[in-house]
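Student: next comes the sequence, and after it the predicted model I'd like to discuss.
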Amino acid sequence: TAQRFALFLVTAGEDTARDLGAELVELCDHIRPCARCGNIAEIGDDGRALCAVCLDARRDGALLCVVARVQDLLAIERSGAMRGRYFVLGRLLSPLEGVGAEELPLEALRARARDPEQPVREVLVATPPSVDGEATALLIARELGAMGIQVTRIASGVPHGGDLEFADQVTLGRAIEGRKSFG
């Protein structure tokens with residue numbers, strides 16, 4: 001917690017706190033959001049910040065995965081299942097928190113989707129299966145679908161190794177609705 005961290009800094013000694021402060025300044029001087037997707041990126045010699053995913057020529061530029069946060073991008077990358085590129089929204093549509101469509105980077109997403117150097121054919125919306133995540137996914141589907149881009153949604157269902165008796169009704173319902181042929 002923040003309290004534990006603060007107590008650690010106070011009791012660890014002045015040098016530890018100053019060293020940490022210097023490291024944080026160094027981090028801020030060299031790390032920025034990727035100019036193309038919003039992932040974490042080092043500032044290059046040219047002054048631009050482009051992440052490893054955006055610099056990887058082996059990635060499928062026609063497939064764009066839209067996530068809410070960098071943490072979501074990192075989780076998907078750990079799975080090894082995504083071969084395309086990303087776009088980090090930074091937040092979700094949330095009327096209860098006062099976050100409307102105008103607070104989302106939709107214009108940047110539209111511009112990224114119609115980039116003539118890497119035109120996008122499919123946008124995979126990988127927002128959380130929550131009310132805000134679903135509302136954001138529907139907004140993106142409406143905006144990009146109107147541009148003629150195929151918009152898909154990550155599947156939702158029972159986690160691997162999970163017991164059905166502990167799954168909520170919405171998760172079970174989606175798992176049944178999204179069933180696939182087997183065997």
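Tutor: Looks like it came in fine. Residues are numbered from 1 along each chain as shown.
Student: what segments of the protein are strands?
Tutor: 31-33, 40-42, 60-67, 84-88, 122-125, 150-153 (DSSP state E).
Student: how much space between residue 47 and residue 35?
Tutor: To residue 35, residue 47 is 10 Å away according to C-beta to C-beta, to the nearest Å. Glycine gets a C-beta too; all of them are placed from N, C-alpha and C.
Student: looking at these two, which is more packed in?
Tutor: Counted by other C-beta atoms under 10 Å, residue 47 and residue 35 do not tie: residue 35 has more neighbours, with 15 against 8.
Student: ok, that one - contacts?
Tutor: When contacts are counted by C-beta atoms under 8 Å, 6 or more residues apart in numbering, residue 35 touches 41, 48-50.
Student: residues contacting the closest residue to residue 82 other than its chain neighbours?
Tutor: Distances taken as C-beta to C-beta, 6 or more residues apart in numbering put residue 76 closest to residue 82, at 5.0 Å, once the chain neighbours are dropped. Contacts for residue 76 (C-beta under 8 Å, 6+ apart) come out as 65, 67, 82, 86, 126.
Student: so what's the second one bridging to?
Tutor: When bridges are taken as DSSP bridges, the partners of residue 67 come out as residue 88.
Student: can you tell me how far it sits from residue 106?
Tutor: Distance from residue 67 to residue 106, by C-beta to C-beta: 15 Å.
Student: more neighbours, the two?
Tutor: Using other C-beta under 10 Å, the more surrounded residue of residue 67 and residue 106 is residue 67, with 26 against 16.
Student: now that one: how far from residue 113?
Tutor: 15 Å.
Student: does residue 86 touch residue 70 like I think?
Tutor: No - contact criterion C-beta atoms under 8 Å: residue 86 and residue 70 do not qualify, at 9.1 Å.
Student: show me what contacts the residue nearest the centre of the chain?
Tutor: With distances taken as C-alpha atoms, centre = their mean, residue 67 lies nearest the centre of the chain, 2.8 Å away. Contact partners of residue 67, counting by C-beta under 8 Å, 6+ apart, are 73, 76, 86-89, 126-127.
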